[in-house]
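S.K.: Need a 3D model of the following:
(one chain, ligands or ions: 1)
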Amino acid sequence: MHNCDFCHIRDNPHEGVIAQTAHSIAFMDKHPIAEGHCLVTTRTHHESLMEVPDAELLDLFKVVARVEKAILAAGLGDGVDMRQHFRPYLPEGKYVKRHVHVHLLPRRDGDDVFTQVAVKEMGLRTEPAEKDLFATASLIRKELK
Ligand SMILES: [Zn+2]
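M.R.: Prediction:
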């Protein structure tokens, strides 16, 4: 799809890409709410999970499970939350991406992930440097091999 950030990453993979399969691609979230926060998307542009064909769904969730395991192996969390949003009612400018994706959020006991979600959604975030995101991507990639 034209002007889709996730299709752009698929076509121009950068150092933040963690894994690629026939149907899926995983990469660091540019606006992380925890270190190691990454996204897994379908290679084909679909607006919602509800329209993804079964073969792509299976591949997507296989990648989700592999990356979740790698996040834990890399020591980025003691657990992982998986989130998937379908909020077409929000304007595009409010972090909405109209390309289906699953968030993987490393978690630790007593962390501030839910506070950070609120801070992000209120637009009060300061973003990390790209080099830090790429360093974390490298950590996770090593655990996938
Ligand atoms: Zn797309």
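
S.K.: Have a look at this structure and report its longest helix.
M.R.: Longest helix in the chain by number of residues (criterion: DSSP state H): helix 54-73.

S.K.: who's in contact with His14?
M.R.: Contacts for His14 (C-beta atoms under 8 Å, 6 or more residues apart in numbering) come out as 27, 134. C-beta here means a position set from N, CA and C on the backbone, and glycine is covered the same way.

S.K.: what's the spacing between it and Arg98?
M.R.: Using C-beta to C-beta, to the nearest Å, His14 is found at 21 Å from Arg98.

S.K.: How about Glu51?
M.R.: Glu51 sits 12 Å away from Arg98, going by C-beta to C-beta.

S.K.: So between the two, which is more surrounded?
M.R.: Arg98 (17 against 10; other C-beta atoms under 10 Å).

S.K.: if I read this right, that one contacts Glu47, doesn't it?
M.R.: Yes - with contact defined as C-beta atoms under 8 Å, Arg98 and Glu47 form a contacting pair (5.1 Å).
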